[in-house]
Every structure is written in C-alpha cells, then in structure tokens.
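> A structural model of the following input is requested.
(one chain, ligands or ions: 1)
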Amino acid sequence: MVFRFLLLLVVLCVGSLQQGLADDGYRLWLKYDQLPDARLRKAWQAQAKGITVENGASPTLQTAAHELQLGLQGLLGRPVSVGASGGKGRIRLQVAADPTLGKEGYKISEQNGGLVVTGPTDAAVLYGCFALLRHVQTGQMPPTAALTSQPRVQYRMLNHWDNPNGTVERGYAGSSIWKWLELPEVIDPRYKDYARANASIGINGIVVNNVNASARYLTPEYLRKVAAVADVMRPYGIRVYLSVMWAAPKLIGGLSTSDPLDPKVRQWWKARTDEIYKTIPDFGGFLVKANSEGEPGPQDYGRNHADGANMLAESLGQHDGIVMWRAFVYKANSKGDRFKEAYEEFKPLDGKFAPKVLVQVKNGPIDFQSREPFHPLFGAMPRTPLVLEVQLTQEYLGFATHLVYLGPLIKECLESDTYSQGKGSTVAKVIDGTLEKHSISGIAGVANIGSDRNWTGHPVGQANWYAFGRLAWDHTLKSDAVAEEWTKMTLTREPQAVNTIAQVLNQSRNIYVRYTTPLGLHHIMGQSIHYGPEPWLEKSARPDWTSVYYHKADSIGLGFDRTAKGSNALSLYSPQVRQLWGNPATCPPDYLLWFHHVPWGQRLSTGNTLWDELTTRYYSGADSVLWMQQQWEQVKPKVDPEQHTDIASRLRIQHREALWWRDACVLYFQTYAKRPIPPSLTPPTRPLAEIKELVDIYQLR
Ligand code: BDP
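A predicted model of the protein is given here:
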C-alpha cells in the first residue's frame, strides 16, 4: 500500500514536471502527458490497471510492455504495473497466430473485462501497443469492437543520407544523429528514442548512410559500429541496411576491378556479405546508387544495372536480405529529355532482376520537385517489385524554414492511376505488390532527421516523418486524418485548435507550390543548394542542371513540350494518361507546364490567360502564407509557447521568402511575356536586378 502510494507520487510528480516544462519538441508525437478529460481517464483506468505479458521473455515483448506502461502511466496519471497475472481490467500482450493479421498485423480486442493485444510476432504486438497508445493519446474511448490493422507494404524504410564525418547530405536539422566516432562504445540515448519513434509508426528498416556512399561502412571497423546501432534497433523490430559504394572491391578490397561479372569481385562481395551477417545477424541488405551523378557502377565495365544488382543479390546467398537498386539515373552527356532517361535504362531490364532485388524509384521523373507527375516507371515494370522513394527532407521544399506538410504529396503519388492494367492501377497498388502479384514490396522516405533537439529543424517536419510512416503502413489512410492525428499527439488536444492546425497543414503544400512553381513549373530553384528562386539560371555543369532547360520561357510562351511535337516523354505513359495529359485543354492545370509549351495569351480551363493565371497563383500563394500566420496566431493559447514562437518565427521567414519567389518569378517571366501584372495585383516594388542579388547571398557565392 505504502509502496503503491509512493509510486503514485513519483508518477504524478514526473507527469506534472513534464507538463510544466517548456516543450522543446524532443518527445515528438510520443507525448504521454495526462489526458485532460477526466471521464476518458476514468474509462481507461478501468481497462488498464496493469499489463500482463504472456510468455514475454523476448526483448521486443518486454519493450512493448514497458512502452505501454510508460505511456499509460503518463496519460492516465497513475501507476500501471507490468507482469502480475491476468485478470479484470488488465491489458494482456500475446503472440498468437492469426491468419487474418498477415505477418505483422495486430488486433486489440476486449476480453473478460480487459484488453488483449495480439499479433503473430513480437513486433506485431509492439505495433499493437503503439496503436493502443495512439488510440488513447488521440482521445478515444476504450474500443468496443476489435481494432485490427496490418501493413500493406513489407519494407517500410527510412533512408538516411548521412556521411561518416557527421554531415547530412540535404540535411537541415543539424548534423547526423549517428556518432560514428563514438560508436560502438558510446550509445547515445537518442538512438533508442529514434527507434521508439520509428516503431510507433511501423517503420521496420533504416539505411544508415548516404546513397553517395563511402566504402568505409563495409570495413570491419565500421561494421562493429553499425552492429551497435543494430543492437539498439532490434528490440523495436527495425533492421539496419547499408548504402554501398559500387567501387568498394577496388577501394578497400585491393582488387583491380569492380566488374560485377568478374569472379574475384563476386567472391569479394560474397565474403564481405558473410562477414556482415556474422557481425549483424539480422542485417537487412543493400541500397545502391550506381552510375548516377558521377557514382561508379556496373556500366563502367559495360554491364547493366541488372548485372550489378543480381551480383549483390547472389552475394546475399541464403541470408535473409534484399537489394534495393535505385533508378535515379540520368546520363552524363545526355542530349535528350532527362525525364525519360531512367525509364529508358530500366524498362528494358524488367524481368531480368533476381528475386531478392527491388528497384527503387523516386515519386516523380525529375527529382523530388514540389509537384511532379508520377514516375513513368510505375506500372511499366510489372515483373520487378518497385520501391517508392519520397523525400522527407525538404531539399526542394524550403528546407527547415518553410512549413510544408508532405502527406498530400505522398498521397497524390500513391493515388495516381498508371492505367497499366486498366483503370485503378494506382501507384499504391504497384508498390504494395497487389497489382503485379509480387511477394515483396517496399517504400522509402529520405529522412529529415538530424541532431537538432527537435529532430527535424522545423517542428512541423516531424509531421512529415510521422505521415510517411503511417502511409507506409497503410496507404489508404487519408493525409488530412493523419495530420489531425499528429497534431493531437504533438501540439494540442483542443478540438478547435486541432482543426485549425490540421487545415494549415493540409493546405501548406499547395500554397508552397503556388508561390514557387505553379502550373507545373519545375526545377527553377537556386543552383546547387536548391534554395530560393533562380529561374534565370542558364549556365551550369550540365544543361539539365539549369532552370531554362525546364521552363523554356520565350516570347511565345512557357513550359516544356513533352508531347509528340516535343520530347515525347508523354509516350512513356499508358494511353489513358497520355490522352488526358497530352491535350492542354484536359491536362490538369497543376501539370500543364510539365507537358506543354503554352502561349502566354492562351486561355486556360480556369478562364484566365496563362500569364494572368501564373501571376495570380504566385500572388495568392504568397498571400496564403499570411493566412497561415493568422491561423497560427489563433491557436496561440492552446499550444506550448516555445513551439508556438518557433513556428511563428519560421512562418515570418516563409512569408518574406514567398514574396522573394513571387517577385523573382513574376518579374523574370514578365521579361518574356511582356504583359502587365493583372490590375487586381500590386506590382512588385523592387527591380529584378535587386532580387537576383539575393540568390548570391543565400548561395554564399
Ligand atoms: C538529389 C540531391 C542529391 C542526391 C540525389 C540522389 O540533390 O544530393 O544525392 O538527389 O537522390 O535530389 O541520389
């Protein structure tokens, strides 16, 4: 009794301490602050007096039980015991075969006045525990009907673009979370919190290093470091993968070649792979960027991507691992349309990849622009499992200064209809394997995580990590529902504020597109660092790294003609898609300039001329950032002050930079259109020359 009382005291003190502290964002969405609603608390208290783990010796089940305990104690404001025998009002965790749950699904159901969380594996039970916590955190009553869910995609991966020296390629949230110099001896407590966050949204694989890979990760010294990370991830059902440098046999193996068909090279990889599995028994496999942007690859030896991928798959032998081979390629000296190049290289290889190989394809054909049509490879390689790669780090979407919720972007791609096997052949069905009957499937998000206290720099970057995991688990979830869920778990539980914030999140991506690249403009950002506008960029190391290559503004009009009269990239899509997008009258305005060179004076489906529509979108986009600011101001009393100030400050930068984008693009395109700014809009007050200087300041040139 006395002990129980003391425990209660500790729990309450910790709870109130947590609530009293300013919120620095470290806890992400795993906030277990006490539920404000007493009725709800009471209902859950009756259901969650304790936790019982059936045959619960495994580290994953123990982890699940302790997370549930931690969460419930915080949320309900009283102690929850683990381990005592079953009975009324207890939550039982149980691994049990259930054909309706697939390999990783969970079921939360009522049984004898308590709840039971079941799943076919330890990890499935862990997912069930996080789902139960989410249920409580989002303010729902104990379930009366069973809650079940299973992932639609098997490999749900985060790809870190982290380097051995601690830098992160395209990272905007500090340095790498992996402290390679300190590993394996020093285990940063962050690793565990990172694992918790990932497991809570169902992520089950992480590639720890940059696709522009250092061969160093394959050395015994580094493998020991990677193994230490894997040890922290294992209880959370997360496997560790490595990006590999294609030329490793030459660079660290002492061989004179890295030709995938050379027996010595094959032997070297086999031995390396065996060594990896000795060090990390549940190693997940390899991610490869080869013959892309200057990286070496099998083509250096006259071989193709399948030769390379299959050699690596062979090296995996009987080990339970996979190869994810990236399709992000474009030739060094191409004279054609970069849009078509990955398709042209990979389509002919369909059916040539070994069973353990998946080809990883970015959502769009160019490179993570704020809006891209779906990549034409989706639906075009029916005999190859394709992984969808999306970018969570906002390389082209305003780094960590612009608030852009990516749920709608990811969903837009997943829901795109490829028509490859008739209506309804969505990208989602391609990548989850159901359309083309693949037994393996994957989805990858390029991580936006770094050493910043709040993990993602912009606090709302956390929502992108969260949404990726939730949609990777179940691509049928609605992105606005996910936004709402994240907001409730992370920022506020007050219903009106939740609603307001979720609306801002849901609109944010379209707003960003409007003030940066409306109507299907793309790749007109600042050179190299990819920040801010630089539509005038016409010289670079290669033509397809300039802006003029993409927007093709001239005295007649604007946009890249990808119809049969132009590059004919449209021919890569199914006839239904081609028909819709091939005609400027039926092409959705959002994709218009991706596929058509449209005369400035042409009337669009919106009723405006191209020029008027373009300028109007730039203006309304920038104005909408003011709307975002106003909405954010309204929720001030309901959000932690530190978080509120941080986001409010970033929204101020966002508005200033939205005006920068607007003025730069409107004035620059006006030099071609030679038309006045529509009378309803106030023309920019600064000259183009002044704006051009801004880019140099940002680029530190
Ligand atoms: C581009 C990035 C570059 C990456 C590359 C890739 O600018 O840093 O290495 O993608 O995905 O968007 O390989």
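> what residues go with each domain of the chain?
With domains defined by automatic domain parsing, the chain comprises 2-149, 155-490, 514-560+597-698.
> what residue in this protein comes nearest to the ligand?
Closest approach between the chain and the ligand, counting by C-beta to the nearest ligand atom: Asp367, at 4.5 Å. Bear in mind the C-beta positions are built from the backbone N, C-alpha and C, glycine included.
> sorry, back to before: most tightly packed of the domains of the chain?
Per-stretch averages of neighbours, counted by mean count of other C-beta atoms under 10 Å, single out domain 155-490 among the domains of the chain, with a mean of 21.
> from the middle of its chain, how far away would it be?
Centre-to-centre, domain 155-490 and its host chain are 10 Å apart (C-alpha atoms, centre = their mean, to the nearest Å).
> one step back: mind putting the domains of the chain into a markdown table with mean pLDDT?
Below are the domains of the chain laid out as a markdown table (pLDDT from 0 to 100):
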| stretch | mean pLDDT |
| --- | --- |
| domain 2-149 | 88 |
| domain 155-490 | 98 |
| domain 514-560+597-698 | 97 |
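> around the ligand, pick out the residues from the stretch 351-500 of the chain.
367-368, 395 (C-beta under 6 Å from any ligand atom).
> likewise for the chain?
Contact residues (C-beta under 6 Å from any ligand atom) of the chain with the ligand: 169-170, 211-212, 289, 328, 367-368, 395.
> try it again with 5 Å
169, 211, 328, 367 (C-beta under 5 Å from any ligand atom).
> wait, Gly336 sits on Ala569?
No - between Gly336 and Ala569 there is no contact under C-beta atoms under 8 Å: 9.1 Å.
> hang on, the earlier thing: distance to Asn499 for the domains of the chain - can I get that in JSON lines?
Below are those laid out as JSON lines (distance: least, C-beta to C-beta, whole Å):
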{"stretch": "domain 2-149", "distance to Asn499": "13"}
{"stretch": "domain 155-490", "distance to Asn499": "8"}
{"stretch": "domain 514-560+597-698", "distance to Asn499": "9"}
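> and Val387, how far from Ile556?
Taking C-beta to C-beta, to the nearest Å as the criterion, Val387 is separated from Ile556 by 40 Å.
> show me what contacts Ile97?
If you look again at residue 97, you'll see it is Ala, not Ile. Pro120 (C-beta atoms under 8 Å, 6 or more residues apart in numbering).
> which of the residues of the stretch 351-500 of the chain next to the ligand fall in helices?
Secondary structure from DSSP state H places none of those in helices.
> from those residues, pick the one nearest Ala564.
Taking C-beta to C-beta as the measure, Asp367 is the one of those closest to Ala564, at 24.6 Å.
> ranges for the helices of the stretch 151-300 of the chain?
189-200, 220-233, 248-251, 263-279 (DSSP state H, counting those that start in this stretch).
> in CSV: those helices, plus distance to Glu642.
Below are those laid out as CSV (distance: least, C-beta to C-beta, whole Å):
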stretch, distance to Glu642
helix 189-200, 19
helix 220-233, 28
helix 248-251, 45
helix 263-279, 42
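> residue contacts, the spatially closest residue to Glu485 that is not a sequence neighbour?
Excluding the flanking residues, the one nearest Glu485 by C-beta to C-beta, 6 or more residues apart in numbering is Thr138, at 5.8 Å. Residues near Thr138 by C-beta under 8 Å, 6+ apart: 485, 488-489.
> between those, which is nearest Val577?
So of the contacts of Thr138, ranked by how close each gets to Val577 (C-beta to C-beta), first place is Glu485, at 32.3 Å.
> and the contacts of the strand or helix carrying that closest one?
In this assignment (DSSP states H and E), Glu485 forms part of helix 479-490. For helix 479-490, the external contacting residues (C-beta under 8 Å, 6+ apart) are 28-31, 134, 137-139, 405, 407-408, 410-411, 462-463, 466-467, 470-471, 498-499, 501-502, 505-506.
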